[in-house]
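**Q** mind looking at a prediction? Sequence and model below.
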Amino acid sequence: MQKIHTTNAPEAIGPYSQAIKVGNFIYTSGQIALTPNGEFLDGDVKTQTRQVCENLKAVLNEAGVGIENVVKTTIFLENIDDFAAVNEVYGEYFSHKPARSTVAVKSLPKGAKVEIECVAVIN
């Protein structure tokens, strides 16, 4: 098991790692709309989703894989009515259409509207 850490994504805001490599898999922690320097982007859901995806890309790149290596994502939404808006931005990043689950939750850290985690495979 290897911890993955990059300064190109925000530091974990709790006792966890940005990602963990186990065998040929990378498991990321959920990302919210924090910039690499820790500033929360309190914008609309599209702005937040774009930052989340950029954070995931940075963590995956540090692990030596790209977003195209993602095989599964989980999306947590504060409001399920944001589903279409998140899909619009998400589709720009995940054009290869990995498996996915999307759930609505009561609230997310820092008042975020969206959080995404993923699993990637090392080819």
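**A** Received, thanks.
**Q** how about the helices in the chain?
**A** Here the chain has its helices, by DSSP state H, at 45-62, 83-93.
**Q** give the buried residues for the shortest one.
**A** Buried positions in helix 83-93, judged by neighbour count with 16 or more other CB atoms under 10 Å: 85-86, 89-90, 93. Glycine gets a C-beta too; all of them are placed from N, C-alpha and C.
**Q** likewise the longest one?
**A** Residues of helix 45-62 classed as buried by neighbour count (16+ other CB under 10 Å): 45-46, 48-60, 62.
**Q** what mean pLDDT does that helix get?
**A** The average pLDDT within helix 45-62 is 98.
**Q** the closest residue to K21 other than its chain neighbours: how many residues sit nearby?
**A** Of all residues not flanking K21 in the chain, Q2 sits nearest, at 4.3 Å (CB to CB, 6 or more residues apart in numbering). By other CB atoms under 10 Å, the residues close to Q2 number 10.
**Q** wait, Q2 touches A19, no?
**A** No - under the criterion of CB atoms under 8 Å, Q2 makes no contact with A19, lying 9.2 Å away.
**Q** I figured Y90 hits I75, correct?
**A** Yes - with contact defined as CB under 8 Å, Y90 reaches I75; the gap is 7.4 Å.
**Q** list the residues that contact both of these two?
**A** I116 (CB atoms under 8 Å, 6 or more residues apart in numbering).
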